[in-house]
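A.B. asks: everything below, folded, please.
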Amino acid sequence: MFRIIGLLTLGILSLFSGRAIGAGAEDFYKGKTITFVVGFAAGGGFDTYTRMLARHFGKHVPGNPATVVENMTGAGSLVAANHIFNKADADGLTIGNWIGPLVLQHILGNPAAKFDGRGFGWLGVPTPDSGVCALTAASGIKSPEDWLNSKRPIKIGATGPGSTTDDVPKLLREALKLPIQVVEGYKGTARIRLAAEAGELDGGCWAWQSIKPTWAKGVESGKVHIVLQSMLESHSELKHVPLAAKYAKSEEARDLLKVADGPYGVLARPYSVPPKTPKERLEILQKAFMATTKDAELLAEARKAKLDFTPVDGPTVAKLVNELYDLKPAVTDKLKQIILPKK
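C.D. replies: Numbers count the residues shown, from 1 in each chain. Now for the predicted structure:
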């Protein structure tokens, strides 16, 4: 009898506790504004995804807070990553969107990466990236064979070390011996596109999920060619485009392409909050993120904008980030030679 009463009491307390948490969250977020900090310039893929998510995010958070998007460019989004980790308030009102492979820069010992990837609170990823290299028709390169036989290095635009635009071309250059000149310093893929269209660059390497909506006119007109896929598996829309793995001649080359497939694929565009964000608020934001990526209105908007949404949840992202810190020493030594900034 007493045991039954005890169980009923625990159940009632649990019910009221859950309601109290929900009410507390609603009280906190009501009338507040959540700021999304994007590490790249307006008009690029990261910015495009974030602005779409932000438009629908507030309705999935208790209290329905407002949202605003800020662009904090610099060093291939490293400025934004450092800001989220070291300066942003850990109150659940600031969400960062910077390129995930920057975690490798910390692992490999780049002192400019002033964070530990294991310390962030991870909300999730809207969709894994499928890396490709897009070159202009003016470059004269229409196939990997053209590229391998080029008498000059092909100028590839990049933002900075730790970004897909920077690291993947370097990995491809090492693995496949492609003639590549990486030109760093652009503040986002929107700037790289403009430079390529002006003839300043031959093109760039980043996600098809970003190129498809933002460089659609170039691709559809034939002024831009998708020449190579850097991932291990072909994207369903790009079965006609060769995989880089086809041209790998050694086990080391294949290992480097596996790196290009991992951190630069699933982990490419994560959303994070500062360390020590209260667990309750982190969980609320994680749930809101996943709910937003499945929101019917967002998905209808995404179809019109040609944006893919195949979300990966926060706990999975956290697990994958932690696994990067367990890379074999031989792999990290090689990566240091290839992708760390030269002193």
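
A.B. asks: where do the domain boundaries of this structure fall?
C.D. replies: Per the record, the chain has its domains at 2-128+267-339, 131-264, by automatic domain parsing.

A.B. asks: tell me which of the ones you listed is the most buried.
C.D. replies: Stretch with highest mean neighbour count among those: domain 131-264 (a mean of 20; mean count of other Cβ atoms under 10 Å). Where C-beta positions appear, they are placed from N, C-alpha and C, glycine not excepted.

A.B. asks: G199 against K155, yeah?
C.D. replies: No - using Cβ atoms under 8 Å, G199 makes no contact with K155, being 9.8 Å away.

A.B. asks: returning to what we had before: export the domains of the chain to JSON lines and tack on mean pLDDT?
C.D. replies: Shown next, in JSON lines, are those (pLDDT from 0 to 100):
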{"stretch": "domain 2-128+267-339", "mean pLDDT": "90"}
{"stretch": "domain 131-264", "mean pLDDT": "95"}
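
A.B. asks: where do the strands of the stretch 51-200 of the chain begin and end?
C.D. replies: 66-71, 94-97, 121-125, 131-136, 154-157, 180-183 (DSSP state E, counting those that start in this stretch).

A.B. asks: could you do the stretch 201-343 of the chain as well?
C.D. replies: Using DSSP E, counting those that start in this stretch, strands in the stretch 201-343 of the chain cover 203-207, 224-229, 271-273, 312-313.

A.B. asks: same list, those, but as CSV with distance to K142 please.
C.D. replies: Shown next, in CSV, are those (distance: least, Cβ to Cβ, whole Å):
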stretch, distance to K142
strand 203-207, 12
strand 224-229, 5
strand 271-273, 36
strand 312-313, 34
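
A.B. asks: stretch 95-109 spans what distance, first to last residue?
C.D. replies: 25 Å (Cα to Cα, to the nearest Å).

A.B. asks: how distant is it from the center of its chain?
C.D. replies: Centre-to-centre, stretch 95-109 and its host chain are 10 Å apart (Cα atoms, centre = their mean, to the nearest Å).

A.B. asks: for the nearest residue to K217 once chain neighbours are set aside, phi and psi?
C.D. replies: Sequence neighbours aside, K223 is the residue nearest to K217 in space, at 7.9 Å (criterion: Cβ to Cβ, 6 or more residues apart in numbering). Per-residue torsions, K223: phi -80, psi -10 (degrees, to the nearest 10).

A.B. asks: start the count at 674 instead of 1 going forward.
C.D. replies: Got it, the first residue is 674 from now on, which makes the last one we talked about K896.

A.B. asks: was I right to think K896 contacts A810?
C.D. replies: Yes - the pair formed by K896 and A810 meets the contact definition of Cβ under 8 Å, at 5.2 Å.
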